[in-house]
Every structure is written in C-alpha cells, then in structure tokens.
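Colleague: Got a sequence here, can you model it:
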Amino acid sequence: MSNSLAIIYEHPEWQKPLFAALDRRGVNYTTIDLKRAAFDPDAVPEAPLYFNQASPSAYVRGNTRAVPLCLSLMRSLEQSGARVLNGSRAFSLELSKSAQCALMKSLNIDHPRSLAFNDVEAAIEQWQGPWPALLKPEQGGSGARMFLLNSPDELRKLLREQPNLWLPDNLFLLQEYFPVDPANGIVRLEFLGGKLLYAMRVISHGAFNLCPSEVCNPTDGEGHCEVPTMKASKPVEFYAYKEVPAHAVEQASRIVAAGGLDVGGIEYLEAPGGRLIFYDVNANSNLRAPVAQDFGGFDPFERVVDYLTNEIAK
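Modeller: You can find the predicted model right below:
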C-alpha cells in the first residue's frame with residue numbers, strides 16, 4: 001500500500017481544512033470523492049486506515065448516489081480487513097433518526113417521542129404526541145425537509161402539495177417539539193476518539209440548518225450550501241460552552257460509544273424543568289475552528305490529525 005490513510009468525502013469544501021492540516025504534517029494520504037466514484041470489491045484496499053467524512057445531506061447538493069456507494073464501499077473494505085473510522089455501523093446510525101431514537105431508548109437517555117412513517121394517514125392515526133410537532137426526514141442532514149407543523153391537516157397539505165419531499169429515502173418522522181429559550185439555543189458536543197473535544201451553544205434564530213461548518217454558516221455573509229428551510233431572522237450563532245454539565249457529557253459519551261462513532265457530534269436541548277433532551281447523532285463532524293479556539297485554545301483540525309496519525313501508527 002502506497003498510502004497510510006484514505007479520506008472518503010463528498011462535500012467540495014468541508015474537508016479542505018483537514019486536507020491542509022494533513023499536508024502541513026506530511027501525512028501520506030489519498031482521497032476518494034464520492035460524487036463520481038467506482039470500486040472493485042475484490043481489490044486490495046488502498047490504505048490500512050480509512051476515514052469516512054460523507055454526509056447524509058449529499059442529496060441536497062445533487063449527489064444522491066454518494067450515500068449508497070459510501071455504505072457499499074465501507075462494507076467491502078471492512079470485509080477485506082481495512083479499518084474504517086466512522087464506518088458502516090456509525091454511518092448507518094447517522095442515516096436513520098429512528099435508529100438513533102432506539103439507541104437512546106436502549107441507553108435510557110431522554111429523547112423526543114417519535115413516529116417513523118411512510119404513509120400520512122397512518123402517521124396521523126398513530127401519532128400519540130401533541131401538536132405542534134416536527135416533521136423530520138429519516139435521512140436528515142443540514143436541516144433539509146424539516147417543518148414545524150401545527151395540525152394533521154398541515155401535514156396532509158404539505159406532503160400532498162410537495163410530494164418530492166419524500167425523496168430520497170421515502171421515510172419521515174413526526175417528532176415531539178420542545179420550545180427552547182432562544183437565548184440559550186441548543187448544545188452540540190464534539191467528540192474525538194471517544195473524548196469530548198469541545199462543546200458549543202448554537203443559537204438558531206428559527207433556522208433548521210445548524211451545520212457548524214464555516215462554509216455553511218459563516219460568521220458574516222451567506223453560506224455556500226444553504227438548505228431551503230424555515231426563514232431565520234438572523235444568521236445562526238455559535239459560542240463555546242465551557243460550562244457544559246458533566247452529566248450531559250457522560251450521556252453523550254455513552255451514545256458515541258454505543259453507536260460506534262470514532263468522531264462525532266451529539267446534540268441536545270434544554271427543555272422546561274431542566275430536562276436534557278438528546279435528539280441528533282452526527283457521524284460527520286464539521287468542526288468550527290473559532291469555537292475550539294475559544295473553548296480550549298486549539299485548532300480542532302490539528303487535533304484530528306493527531307488522532308489519525310496515532311491510529312495509523314497502530
């Protein structure tokens with residue numbers, strides 16, 4: 001093998017800071033761009049270590065075929081003996097919000113009441129939660145296809161008038177809606193190698209696209225991969241959260257371990273009464289350098305390269 005590491009990716013911008021950090025450190029790596037790709041399952045792996053950086057949101061960029069190819073590639077690599085960080089198990093979990101709920105249920109971690117469905121009337125008949133409720137795709141990503149609905153009739157009308165919303169996975173969830181203090185927003189915890197890298201508060205101002213990448217949600221100006229969703233009154237804001245509760249970190253750590261995530265972001269909200277409601281598992285972590293700098297004075301991409309070089313050495 002001529003390479004120590006292979007990066008699997010799809011987004012044209014997200015991995016650039018990681019590639020730059022790998023170049024600075026002289027790591028011998030190759031890349032696999034899922035936008036136009038092919039692989040021979042009988043071939044010897046190109047590297048002993050692979051790092052999956054694919055995202056469920058590939059379809060919003062016209063790259064719907066990237067996700068199934070990524071899963072097939074990783075399963076073949078794992079069968080052939082290559083180690084894949086954030087491999088097929090972790091990626092499958094990220095692709096399924098219902099599986100995330102089931103995992104949190106098994107861990108006794110508080111999470112929203114949810115109902116997966118492929119038929120509107122079946123969903124309305126079986127939904128036991130209150131209205132308003134959130135409509136979320138089973139295969140999420142960057143807040144795409146998310147809506148806050150006030151009644152069953154709004155659900156019927158939305159999917160009758162926009163049947164393309166079913167694509168690409170043809171599954172939705174109705175999920176319990178929790179209002180949050182707008183000033184506090186939600187919390188995202190980033191993990192690397194099973195340990196907390198940093199925590200941040202995310203102030204949405206009504207947006208659903210909370211992608212922390214500076215490409216998607218820059219401090220100033222418009223993002224390059226904005227997903228058409230609920231209009232926000234202001235740009236999304238991200239702040240280092242140094243006082244993150246230890247019990248929140250502990251619960252998120254258990255999700256990371258049980259889900260097989262090598263690198264990942266776990267999101268929760270603070271509901272009335274002090275409940276911490278965990279609701280999203282992200283195997284593809286888009287790290288935000290200014291937050292890491294404020295949290296602990298470090299470059300998160302350099303930390304990822306530290307982790308990758310240690311794994312290569314193993």
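Colleague: From here on, just use CA atoms for contacts and neighbour counts.
Modeller: Will do.
Colleague: in the stretch 51-200 of the chain, which spans are strands?
Modeller: 83-85, 114-117, 133-137, 147-149, 172-176, 186-192, 195-203 (DSSP state E, counting those that start in this stretch).
Colleague: I'd like the mean pLDDT over the second one, please.
Modeller: Rounded to a whole number, the mean pLDDT of strand 114-117 is 98.
Colleague: List the buried residues in it.
Modeller: For strand 114-117, the neighbour count (16 or more other Cα atoms under 10 Å) marks S114, L115, A116, F117 as buried.
Colleague: which stretches of the stretch 101-250 of the chain have low pLDDT?
Modeller: Within the stretch 101-250 of the chain, the segments meeting pLDDT under 70 span 210, 213, 220-233.
Colleague: residue ranges of the helices in it, please?
Modeller: With DSSP state H, counting those that start in this stretch, the ranges of helices along the stretch 101-250 of the chain come out as 120-126, 152-161, 246-259.
Colleague: Among the ones you listed, which comes closest to I203?
Modeller: Across these, I203 has its closest neighbour in helix 246-259 (18.4 Å, Cα to Cα).
Colleague: what's in contact with that closest one?
Modeller: 89-90, 93, 103-104, 107, 109, 189, 191, 194-196, 262, 264, 266, 276 (Cα atoms under 8 Å, 6 or more residues apart in numbering).
Colleague: returning to that earlier point: could I get the helices of the stretch 101-250 of the chain as a markdown table with distance to V60?
Modeller: Below are those laid out as a markdown table (distance: least, Cα to Cα, whole Å):
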| stretch | distance to V60 |
| --- | --- |
| helix 120-126 | 23 |
| helix 152-161 | 18 |
| helix 246-259 | 25 |
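Colleague: and these, which is most packed in?
Modeller: helix 246-259 (a mean of 17; mean count of other Cα atoms under 10 Å).
Colleague: the inter-axis angle of that helix versus strand 195-203?
Modeller: 120 degrees (axes from the mean of the first three to the mean of the last three Cα atoms, to 10 degrees).
Colleague: hang on, the earlier thing: quick one: which of the helices of the stretch 101-250 of the chain is nearest M74?
Modeller: Between M74 and the helices of the stretch 101-250 of the chain, the shortest separation by Cα to Cα is 16.1 Å, and it involves helix 246-259.
Colleague: Before I go, just wanted to say thanks for your time.
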